[in-house]
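Peer 1: I'll drop the sequence and a predicted model, then ask my questions.
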Amino acid sequence: MTLIAERAVTITEGLAYLRDLMATYAKRTPVASVAVLGNAPLGPSDVRAQAIDDSDLVIRVNSFVLDTPGEPRCQGSRADVVIWNRITRPTRFTFDRYRERLYLLAEPMRFHGRPEVWPMSWPTDLGFVPLPNAEVLPRIGDELDIPWRTQKLAPTTGFTAAWLAFHLFPESEIRMSGFSFIDNPGQTEWVYQVGGSSPVAPEHRIEAEARVMTDWLKEERVSLWR
């Protein structure tokens, strides 16, 4: 097993502030468990859904969905922190109860010069915090071991969320679910729990992301809920 200390990311003042901000929205503190959800299809599972909802902090991304009363339980019903990007196709859950959640804007392609856009779907009074590219992107790029600067590459939002959970909460149990590329790193299309699909963007390197996340799973504190 790889020890946490061997792969730990240096927690700078900016990352410490981000961690503390995320913890403010947790169901319980100190944060002993973090659930982080991608948006791949998940079948019904009361056990999985309960494990997610029982977590101290639940992080979701982009076009996420939540369990609703009267329907089979799949992915839990909580969302404490939402990490999303400017081209997210919102679901009916994305901005529901937005005043009760922390919204972190992932915009790695702004680092490479992509222009800023303001989607009409955003609530006019939405408060959000941009993820600090200078703090996050170099560290993710180094861990993925990809030429992210020269080839203008970017991590997926799902991997970014998992990376933050893994590194900002190094003593916590990490419960991951909804990450199809861990089992299928060669996929060229995203299929979503909400329905529909889209191609994997050319700036992503999900093979590298799958390799890193598979390595994380060697730690006892990290689990994948299929």
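Peer 2: Sure, I can see it.
Peer 1: The closest residue to residue 86 other than its chain neighbours: which element?
Peer 2: In space, and not counting its chain neighbours, residue 86 is closest to residue 117: 5.2 Å by C-beta to C-beta, 6 or more residues apart in numbering. Quick note: C-beta positions are derived from backbone N, CA and C, even for glycine. If you go by DSSP states H and E, residue 117 is not part of any helix or strand.
Peer 1: I'd like the distance between residue 117 and residue 160.
Peer 2: Here the criterion is C-beta to C-beta, to the nearest Å. By it, residue 117 lies 19 Å from residue 160.
Peer 1: show me what contacts residue 168?
Peer 2: The neighbours of residue 168, taking C-beta atoms under 8 Å, 6 or more residues apart in numbering as the test, are 11, 15, 18-19, 22.
Peer 1: just the buried members of these?
Peer 2: By neighbour count, with 16 or more other C-beta atoms under 10 Å, these hold 15, 18-19, 22 as buried.
Peer 1: mind putting these in a markdown table, secondary structure included?
Peer 2: A markdown table is the format used below for those (DSSP: H, G, I helix; E, B strand; the rest coil):
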| residue | secondary structure |
| --- | --- |
| 15 | helix |
| 18 | helix |
| 19 | helix |
| 22 | helix |
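Peer 1: Select, from these, the two members most distant in space.
Peer 2: Among these, the pair separated by the greatest distance (C-beta to C-beta) is 15 and 22, at 10.5 Å.
Peer 1: quick one: least confident helix or strand in this structure?
Peer 2: Lowest by mean pLDDT, DSSP states H and E among the helices and strands of the chain is helix 4-7, with a mean of 46.
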